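Enquirer: Sequence first, then the predicted structure:
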Amino acid sequence: MSTLDGKKIAFLATDGFEDSELTSPWQAVTDAGATVVLVAPEAGEITGKNGHSQKVDLVSADADAADYDALVLPGGVVNADNLRLDTDAVRFAKDFFAQHKPVGAICHAAWILTEADVLSGRTLTSFPSLRTDLINAGATWVDEEVVVDEGLVSSRTPDDLPAFNAKVVEEVSEGTHSGQTA
């Protein structure tokens, strides 16, 4: 039996995602046994900034956090900026915190969490340019490879993917976290 057998993980992204920040965690959780679903604001296919295309499984307007064990948010400036303008995507992300479920956010993905208003009192990392935004959202920002705060896993850049992937798998395998709140 694999670590994540029986777990269902949503990835939330749109065009402009950082390719490796979608594909690498996707591979890590599927290798650990999870079922993975790609959620995006629009049906069809999304394309990363370096050309990776992936079929959308479900639109954010129809997505319900109750159907998943965890959420992974890939980065990419365009991706994160567009997602935080989609009210259904923001609601979907926020609901994981309300349900105490693990969330992984890498690079610019934390912008979505500022919009969801779930960072007050939390400690996380991100691409350095988000530092002030995250502090203004009530978070403590640190410059570390990977940070875990009660089910919230965060990393800075694609260079951090090995550590990020390992901690996402670990947090999802642990299940809900009482301190993971909206």
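Expert: All right, it came through fine. Since this is a predicted model, take the numbers as computed values, not measurements.

Enquirer: Going by neighbour count, list what's buried in stretch 51-59.
Expert: Across stretch 51-59, burial judged by 16 or more other CB atoms under 10 Å covers 54, 56, 58-59. Any C-beta I mention is one placed from the backbone N, CA and C, and that applies to glycine too.

Enquirer: Give me the subset of those lying in strands.
Expert: Among the buried residues of stretch 51-59, DSSP state E puts 54, 58-59 in strands.

Enquirer: now those as a markdown table including distance to residue 172?
Expert: Formatted as a markdown table, these follow (distance: CB to CB, whole Å):
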| residue | distance to residue 172 |
| --- | --- |
| 54 | 20 |
| 58 | 19 |
| 59 | 23 |
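
Enquirer: how about those in JSON lines, adding pLDDT and distance to residue 135?
Expert: Shown next, in JSON lines, are these (pLDDT from 0 to 100; distance: CB to CB, whole Å):
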{"residue": "54", "pLDDT": "96", "distance to residue 135": "33"}
{"residue": "58", "pLDDT": "98", "distance to residue 135": "33"}
{"residue": "59", "pLDDT": "98", "distance to residue 135": "33"}
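
Enquirer: No further questions, thank you.
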